[in-house]
Structures are given as C-alpha cells and as structure tokens.
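1. sequence? don't have it. structure:
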Ligand SMILES: Cc1cc2nc3c(=O)[nH]c(=O)nc-3n(C[C@H](O)[C@H](O)[C@H](O)COP(=O)(O)OP(=O)(O)OC[C@H]3O[C@@H](n4cnc5c(N)ncnc54)[C@H](O)[C@@H]3O)c2cc1C
C-alpha cells in the first residue's frame, strides 16, 4: 500500500493540469499514468482563450510560447476557394488571452516538465495502468499493472482519499462507474489528420476551414513556429461524410489513398491542398465519435474529468480547453471545501451541464455549420454574391451562439 492522498488517474492534458492547479493551491496529489515513456503522439490542438487564461495563471504559457503560435484569425472558404467569412480571434479580437495553436506533443512536454519540476518526480508515476478500483468509507484502493524498465508487469495497489479519473476517451474509471454504457456514437464523418511542414500561407497565423463534409472539408492551421527552413508545422484535418469508420485510437495510421482523391482539385492561390497531403510527416485516421453525456460523474469518492467525463467530437477546438476548465473548477472546489466528496459534487454541479451543452453543440452546430449552410444553399456550387447566400448577421449568430455555449464569448472574457 502507498500514501493516501488524491489520486489522479491519467497524466494527459487534464491530469497534469489538475496536478499543477492543486499544487498552486497547496493540495497534495499523486499522478498515475499508464505509459512508461512519453512519446510525441498526436497532431495539433487549439487552446481557446478561456483555457489560455488558466494556463497563464499557472505560469506555463511562456514555455508554450517558445514552441507554439498565437492564432490571430479564423477564415472560412467554400471548396471552390471562395471567401465566406473571417473574424479576429483571441488577443487579436481584444480579449486579454490569446488562442494558442500547439502541437499536442509540445503542450504535453511543457505540462509534464512543469508538473515534474513543481510536484517532484516522485509524484508522477509512469507505467501504471489502472485495471480497477474499490472504494469504502475511508478511501479508494486502485489496482495497477505496473510495467518496469525491463518490461516486466507486476500488480500494485495504491490507496488514496479520492480518485479522479482523467484517463481519457478509453477511461477505465468511467467504464467501472457506468458498466452498461453503450459504444461511442459515430457522427457520420471520418477524419484524416496530419502534420505537414510547409511555407506559411496567408497571414501565417490563420485557422482556415474550407468546404463541407459531403464533398470534403478541411481545417488547417500552423501549430509550431517557423523553423530554420522557413516552414511551419501545418496541422490539418480532412473530414468526409462516410460510413467507413474504425475504432477510435489517437495513434491509428491513415492512408493517403483513402481520402486524397476528393481533394485533387483543391489548388487555391493561397494554398495547394494536394501537396499538403502528399508531403505529410504524420498521417492519422480518427472517426468523428462522441458519447452520450452521462447524468453523474461522481460516485462516492470517485469522479471524472476531461475526456473521461465528456468525450466530444473534435469539431469546436474544445476537448483540451474544457478539460483545463474542469481542472480549475475541481481544484477550487477541493481547496474551498473540507469534505472532498462535497467538493467533487460541487465541481460536478458546476461543470457537468456546461460540458454537456458543449458535447451536444459540437455534434450539431459548431461554427463550421456556416460552411454547411453555404454548401446547401448553393447546391454545392460556386456563388456569385455571398450576400445572396448567407448574411453576415446569420454567420455572426452561428459563431456567437457557439462561443456562448463553450464559454469564451468576448463579453464574458472581457467582463
Ligand atoms: C496519444 C494521444 C494523442 C492525442 N492526439 C490528439 C490530437 O492530435 N488532437 C487533439 O485535438 N486531441 C488529441 N488528443 C486528445 C486531447 O489531448 C484530449 O482531448 C484533451 O487534451 C483532453 O485531455 P484528457 O486529459 O482528458 O485526456 P488525454 O489527454 O487523452 O489523457 C488521458 C491520459 O490517461 C492515460 N490513461 C489512459 N488509460 C489509463 C489507465 N487505465 N491508467 C492510467 N492512465 C491511463 C493516457 O495514457 C493519457 O495520458 C490525444 C490524446 C492522446 C492520449
């Protein structure tokens, strides 16, 4: 048996941010992470301003800025390269915190380094995969399979006062709390995601969305600073309406021949899309899936956080951000409440319905539905006059509705 304290199961973006938040408030915790070696997995992530605010207060943003880019504008085009809409984002829109475009590996490196430095290496336990837990009136016992440096696996029991399940989309904690929960729900779009090193396009800091899923949709933005060759790491996601989907796995390799044909004539004066795909450094495939929101996160001394609590489709740049917001809420509830169980309920009360709204909004009406409207109303043909297709007021209603739901409207951030 080990030390009783707060156990954070899963040392991903949410788990490490929570550890930093608890440390900031003087609360001790231990992080248990299944992987033994930290490898640069994944592609780009956007951190929206409300989450940047929390990371700024945790004093990690300066280290992130050594690697990442500040996004300055969001641009929308139809698949013929016709301009539809642009808006300034983050600090460029006058809010106090920027929107950051970062490679997931860089974000992870910064959080891991800061957590190790502040909590101490002995509080971050790698190679510990949770298989199950048991709880009683005094605490929680976690059963881990521990993999040592030689690859040998041995069982380890860890006792904690409470358990936070921040173990991502395949959460063992969520599964044990909700044994009858169904399979992930496929939302009809399959995604191919990649990183390509290429010369900057447009302003060099724009997030670009082009087209609609029925005939191909692309989101692309740079997520690392320009390298010595003058190239930026372009994070891109090509989505297609399709029945084809495989089990969700962040590391699943994708194949060019499964999607690139659809984009063969996407050669615009501002971006040559086929060459972005052909020169990809990383190419992954991921289905657009989420799970039905659940009606409780907290059972006894156990609660959920991040993707384990609210898996959502990656359409509104909100997965990491909402996990970071959870961390602030949970840490402050624990700091402000002598009873950790009451604190976890207060956290759930604060966050569950808000994140449920984001899960549902991402499913049906994230900001890219601007492009769905353009595609449907033009019959997926080029337009003569944009105003005849969609008005600026309609577009702004879509974007502001999403920002209000996800909690990063300008009014809220500047209040
Ligand atoms: C390998 C990987 C690649 C990703 N790539 C992208 C990407 O390219 N773009 C994007 O937008 N999002 C990506 N994500 C997801 C994104 O990081 C999360 O949506 C977001 O940051 C929410 O964070 P989270 O902490 O809830 O989950 P995650 O960041 O996924 O963290 C969960 C952690 O729990 C660990 N874990 C899982 N099971 C157990 C267990 N049984 N015991 C102990 N630990 C366990 C995992 O190893 C992981 O470190 C990726 C996640 C992972 C794990």
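-> The structure has been received and is ready for your questions. Worth saying up front: this structure is predicted, and the values here are computed from it rather than measured.

2. burial measure for the closest residue to the ligand within the stretch 201-350 of the chain, as a count.
-> Nearest residue of the stretch 201-350 of the chain to the ligand: residue 306, at 2.3 Å (CB to the nearest ligand atom). C-beta coordinates here come from the backbone N, C-alpha and C atoms, glycine included. Residue 306 has 30 neighbouring residues, counting by other CB atoms under 10 Å.

3. wait, it sits on residue 16?
-> No - the criterion here is CB atoms under 8 Å, and residue 306 misses it with residue 16 at 10.5 Å.

4. what's near enough to touch the residue of the stretch 201-350 of the chain closest to the ligand?
-> With contact set as CB atoms under 8 Å, 6 or more residues apart in numbering, residue 306 has these partners: 10, 12, 13, 14, 15, 166, 168, 319, 322, 323, 326.

5. farthest pair in those?
-> 10 and 322 (15.2 Å; CB to CB).

6. now find how far off-centre the helix or strand hosting residue 54 is within its chain.
-> Using DSSP states H and E, residue 54 sits in helix 49-57. From the chain centre to the centre of helix 49-57 is a distance of 14 Å (CA atoms, centre = their mean, to the nearest Å).

7. show me what that helix is packed against.
-> helix 13-24, helix 61-65, strand 99-103, helix 319-335, helix 410-414 (3 or more CB pairs under 8 Å, 6 or more residues apart in numbering; DSSP states H and E).

8. pick out the shakiest of the ones you listed, pLDDT-wise.
-> Mean pLDDT is lowest for helix 410-414 among these, at a mean of 89.

9. give me the distance from that one to the chain's centre.
-> Helix 410-414 has its C-alpha centroid displaced from the chain centroid by 22 Å (CA atoms, centre = their mean).

10. ok so, going back, which ones, among the contacts of residue 306, also lie beside the ligand?
-> 10, 12, 13, 14, 15, 166, 168, 319, 323 (CB under 6 Å from any ligand atom).

11. against residue 349, how distant is the nearest residue to residue 336 once chain neighbours are set aside?
-> Counting by CB to CB, 6 or more residues apart in numbering, residue 336 lies nearest to residue 343, which is 7.3 Å off, once chain neighbours are set aside. When distance is defined by CB to CB, to the nearest Å, residue 343 is 11 Å away from residue 349.

12. give me the neighbour count for residue 338.
-> 7.

13. help me confirm that it is found in a strand?
-> No - counting by DSSP: H, G, I helix; E, B strand; the rest coil, residue 338 is not found in a strand; it is coil.

14. tell me who's in contact with it.
-> Not one residue lies near residue 338 by CB under 8 Å, 6+ apart.

15. check the one 10 residues further on too.
-> Remark: with contacts taken as CB under 8 Å, 6+ apart, residue 348 is in contact with 296, 297, 298, 303.

16. contact residues of the stretch 251-400 of the chain facing the ligand?
-> Within reach of the ligand by CB under 6 Å from any ligand atom, the stretch 251-400 of the chain has these residues: 251, 306, 307, 308, 314, 319, 320, 323.
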